[in-house]
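Participant: below is the sequence, then the predicted model.
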Amino acid sequence: MDFKIKKGFDIALAGKPDVDIVNIKSSATVAIYPLEFRGLRQRLKVAEGDIVQRGSELMEDKGNVDFKLRAPAAGKVISIVRGARRFVEKIVIEVATVDKAEEFQKFSEAGIKGLDRKVILDQLTTTGFLALIRQRPFSNMADATVTPKSIFVNAMNTGPFQADAEAVVVDDPEAFQAGLDLLTKLSNGPVHLCMDANESGQTLLAAKNVETHTFRGPHPSGNTTVHISRIAPMGIHDVVWFVKAVDVVLLGRLFLDGTIPTSRIVSLGGPLVKEEARHHYRIHAGGELGGLLKESLTDEAARVLDGDILSGVAIEEDAHLRFGQSAITVIKEDKERNFIGWTMPGFNQYSFMRLVASSFLPFLRKRWSLGTNMHGEERAMVLTGHYDKVMPLDIMTDFLIRAVLAGDTDEAISLGILETDPEDFALCDFVCPSKIEVQDIIQKGLQDIEEEGV
Amino acid sequence: MLGYKDFVGVDLCVCPNKKDKMKFILNMHDKVRHLFKKDGKFGAVGPIFDAADTFMFTPDHRTGSGAHVRDAIDMKRVMMTVIYAVLPCFFFGIWNAGHQYNVVNAVAEAGNAFIASDVFAAAFLNDVIRGLIIMLPILIVSYAVGGFWEVLFSCIRKHEINEGLLVTGFLFPLILPPTIPLWQVAVGISFGVVIGKEIFGGTGMNIVNPALLSRAFLFFAYAKSMTGDVWVAHVAGAPVVDAVSGATPLGFVASLPEGMTLLQAIELGHVDFMQMFLGVIPGSIGETSTLACLIGAAVLLITGVASWRIMLATVIGLLSTGYLANFIGDSPMAQLPPYYHLVAGGFAFGAIFMATDPVSAAATNAGKWIYGFLIGMLVIIVRVANSGFPEGVMLSILFMNLMAPLIDSFVVDAHVRRRKRRA
């Protein structure tokens, strides 16, 4: 089916990555960030100096000992970085010249179709790849003990910028189809593949054994919440799983090869990335980003993001690729102070609202080199109605925020907070003239509810 | 000729030259900034420094959590846009207050002939100067006293000074009669800001519009200054030229001279639609001209700062109730054609600038329709049913401000019920 989303806003950020794929030669070290796996109760299984294979156990979950984090490459553990409360933040492995891999179960394309749900879940759990599948409500890692009502595969990238699903899938169509076949076994309901009506190519449209849906319209038309709400709205006790299309390829590879995948494809974009460097890159799983970023960035002070500018997480410039990371966006750190900016016409100011000159003269600039400036200070929350203009969901954002701030979880639930994810409110962050951190508020609301239990 | 290409990439807002010129102010601020930090020497009045600092230069705060880029708009700009939208009313109000004064007191129109040789220009100048003499003290008192309370509460609460006062302090003088004593301006704005806003927690938390509450307070506490023959100042001893020109058209209709019918009043020009639309009539300083209000409405609607739903609903509510009154009422006020109500009294000003205040209005879209419609309806009811308060706009809006949370609560409940049914 084709769905048209009207409300929303596409931020005209400069630096869209090209869809071609550039291979990066092997990485000297690889790393894994255990804190990325939300809810994981860490039990470290290696020490500095240990020799590991690709796929060797690095850590297991004390809460569910079947769930393990595995080494993305063979080599020697050279550093275990601990942070607050002695949590392991990062395990770094020096990559050996010879790649030895631990073998997991391996299946043919036809074999996957006949697989049992339990076999699939066991392999996903023991390799840690279950973490690529997440679950609503709360957007945590999928819980293998529940059977979801349906599974949503997101092949859209309306937030600036995400890896282009078509580009990634074209690169390995067998693995993508194998991954989709795996997913169909995990749910009793359908698997929904949601894609962009304008930008999706043949490979996505040709996907088999799933229900394909196309969406058009401004961001957040590419958000999973929007897809769920339009295709099959969640009831209060429903559980739905969701996964990024670019991650489905990895799931497929894991089962086709029987080993931990060695690489993944990541987009690199944003105004601070040199024009000639805005591509998709094939990078070693957990590989170094420092070299790539050093070559690709301009000289300005930069903020490097895992993900897009709306809901991404800032990472260091010498970071390694994270497990679930498929996009790198780089924007400038902006501390500019403008003289009496509150009344200047604003030819060089970018806004959703028609309150600056540039809004009336869109031909002046098509793409904007936006930075990290707040453009204002936090003020009292005023219900200006701006949130509703960028919210395509049937959610009363203003009142939901108030309910969360007042600690009224019952009211928040009846206003539909469980159907949402903080990323759905990212544009509210963007447009808010009072500079209220709406995503944080929703995140906190969801956390409170999760702790209390529904 | 400059084409748009000349502007591409040019930083008009912070062009390098201007920034260098202004840099010294920033340096000056940076030198003393530490004194105003929380534990600095002047930490207690930190918010004042902060306000001055961010007034001169946009703050340098950066995103941390949440979205990493933000819209260029902040509350300062939103509030300033409201003020820009009110400026036509403000300027017209200054001229009109002076004009009405000069007409009633028969001030020689050639009084300033030595400044401008043209008679009309001289009269215009005369009116503007008189208007400034009337208006500026009121505006200054409103801002100074209102600002004092706002700053005091900000310093005590240790939060930034909210820009809401810029609007409140600007709107309040415009809805006062030109003859208002300055001490009443001070008392009124104090009541509005402190009781109307600050005791509820400041901007964003208030239930009613502070500027309107200030006026309502004066209306009930000092009725003598707010009703009757207050719309134009008489100079003691000066000859009064036109006995009725000191009354507002609404006041005139509310108490027609004996033996005169409404039709006669209209025919005689005591109630002239065009004059009321243009606003060359006695009344509160800034609200007589519907035309000036409409210019402001255009600014608010194009920029999206105010809700078109509320404005439209208010007009619909007024007209439909007005026609209904034509059918069932027989007093002159009930018989007044409804479109006269659009240009009469403070309706246009109230519907455009007061009813749309996002803090005190209904916040849901459905609620905005109901809220606006009921304001329009109440205006007619007050005007028709009680000729003692021909100016029903203020009371209608205040009353609906109080009702707005209830309306919203109904709308939200309906939304929740709909969700439950779907689940």
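Facilitator: On my side now, so go ahead.
Participant: quick one: stretch B:131-138 to chain centroid distance?
Facilitator: Here stretch B:131-138 is found 16 Å from its chain centre; the criterion is CA atoms, centre = their mean, to the nearest Å.
Participant: grab the longest helix from chain B for me.
Facilitator: The residue-count maximum for a helix in chain B (DSSP state H) belongs to helix B:119-157.
Participant: tell me which residues of it are tucked away?
Facilitator: Residues B:122-131, B:134-135, B:138-139, B:141-143, B:145-147, B:149-151, B:153-155 are the ones in helix B:119-157 that count as buried (16 or more other CB atoms under 10 Å in any protein chain shown). For glycine as for every other residue, the C-beta is placed from the backbone atoms N, C-alpha and C.
Participant: can you tell me the element the residue nearest to residue A:409 when sequence neighbours are not counted falls in?
Facilitator: If you skip the residues right next to it in sequence, residue A:409 has residue A:449 as its closest partner in space, 5.1 Å away by CB to CB, 6 or more residues apart in numbering or on different chains. Residue A:449 is part of helix A:438-452, with elements assigned from DSSP states H and E.
Participant: would you mark the buried spots in that helix?
Facilitator: Of all the residues in helix A:438-452, those buried under the rule 16+ other CB under 10 Å are A:438-443, A:445-446, A:449.
Participant: again, but for stretch B:196-204
Facilitator: Within stretch B:196-204, the residues scored as buried using 16+ other CB under 10 Å are B:196-198, B:202-204.
Participant: distance between that stretch and the chain's centre?
Facilitator: Offset of stretch B:196-204 from its chain centre (CA atoms, centre = their mean): 18 Å.
Participant: measure it end to end?
Facilitator: The separation between the terminal residues of stretch B:196-204, taken as CA to CA, to the nearest Å, is 11 Å.
Participant: what sits up against that stretch?
Facilitator: With CB atoms under 8 Å, 6 or more residues apart in numbering or on different chains as the test, stretch B:196-204 has contacts from A:379-382, A:434, B:149-150, B:153-154, B:157, B:159, B:162-165, B:168, B:205-210, B:213-214, B:359.
Participant: follow-up on the earlier one: CA atoms only: put the helix holding residue A:449 into CSV for me.
Facilitator: Extracted C-alpha coordinates of helix A:438-452, given in CSV (Å, rounded to 0.1, in the frame of the first residue of the first chain):
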residue,chain,number,x,y,z
VAL,A,438,11.2,17.0,24.0
GLN,A,439,13.0,13.8,23.1
ASP,A,440,14.6,13.7,26.6
ILE,A,441,11.2,14.2,28.2
ILE,A,442,9.6,11.4,26.3
GLN,A,443,12.6,9.1,27.0
LYS,A,444,12.2,9.8,30.6
GLY,A,445,8.5,9.1,30.5
LEU,A,446,9.1,5.8,28.8
GLN,A,447,11.8,4.9,31.3
ASP,A,448,9.5,5.7,34.3
ILE,A,449,6.8,3.5,32.8
GLU,A,450,9.2,0.7,32.1
GLU,A,451,10.5,0.8,35.7
GLU,A,452,7.0,0.9,37.2
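Participant: where does the stretch 251-400 of chain A dip in pLDDT?
Facilitator: In the predicted model of the stretch 251-400 of chain A, no residue satisfies pLDDT under 70.
Participant: which strand or helix spans the closest residue to chain B within the stretch 51-200 of chain A?
Facilitator: When you check the stretch 51-200 of chain A against chain B by CB to the nearest CB, the closest residue turns out to be residue A:160, at 9.1 Å. Applying DSSP H and E as the criterion places residue A:160 outside every helix and strand.
Participant: relative to residue A:168, how far out is the closest residue to it other than its chain neighbours?
Facilitator: Sequence neighbours aside, residue A:13 is the residue nearest to residue A:160 in space, at 4.2 Å (criterion: CB to CB, 6+ apart). Between residue A:13 and residue A:168 the distance, using CB to CB, to the nearest Å, works out to 20 Å.
Participant: tell me who's in contact with residue B:81.
Facilitator: Residues A:355, B:299-300, B:303, B:305 are the ones in contact with residue B:81 under the rule CB under 8 Å, 6+ apart.
Participant: what sits against the residue of the stretch 51-200 of chain A closest to chain B?
Facilitator: A:10-11, A:13, A:16, A:219, A:269, A:308-310, A:329 are the contacts of residue A:160 under CB under 8 Å, 6+ apart.
Participant: turn those residues into TSV, including neighbour count and secondary structure.
Facilitator: Formatted as TSV, the entries for these read as follows, by neighbours: other CB atoms under 10 Å in any protein chain shown; DSSP: H, G, I helix; E, B strand; the rest coil:
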residue	neighbour count	secondary structure
A:10	14	coil
A:11	23	coil
A:13	23	strand
A:16	15	coil
A:219	24	coil
A:269	28	strand
A:308	26	coil
A:309	26	coil
A:310	26	coil
A:329	29	strand
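Participant: quick one: name the residues of the stretch 301-423 of chain B near chain A.
Facilitator: Applying the criterion CB under 8 Å from any CB of the partner chain, the portion of the stretch 301-423 of chain B that neighbours chain A consists of B:302-305, B:307, B:358-359, B:363-365, B:408, B:412, B:415-416, B:419-420, B:422-423.
Participant: redo that, cut-off 10 Å
Facilitator: B:301-307, B:309, B:357-359, B:361-365, B:368, B:408-409, B:411-413, B:415-420, B:422-423 (CB under 10 Å from any CB of the partner chain).
Participant: and the buried ones among those residues, selectable in PyMOL?
Facilitator: Selecting only the buried members of those in PyMOL, with burial defined as 16+ other CB under 10 Å, works like this:
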select buried, chain B and resi 301+303+304+305+306+307+309+357+358+359+361+362+363+364+368+408+411+412+415+416+419
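Participant: residues near residue B:366, how many?
Facilitator: The criterion is other CB atoms under 10 Å in any protein chain shown. On that basis, residue B:366 has 16 neighbouring residues.
Participant: looks to me like it is in a helix.
Facilitator: Yes. Counting by DSSP: H, G, I helix; E, B strand; the rest coil, residue B:366 is found in a helix.
Participant: give me the residue from the stretch 201-350 of chain B nearest chain A.
Facilitator: When scored by CB to the nearest CB, the stretch 201-350 of chain B has residue B:204 as its residue closest to chain A, at 3.1 Å.
Participant: excluding sequence neighbours, find me the nearest residue to that residue.
Facilitator: Counting by CB to CB, 6+ apart, the residue nearest residue B:204 is residue A:380, at 3.1 Å.
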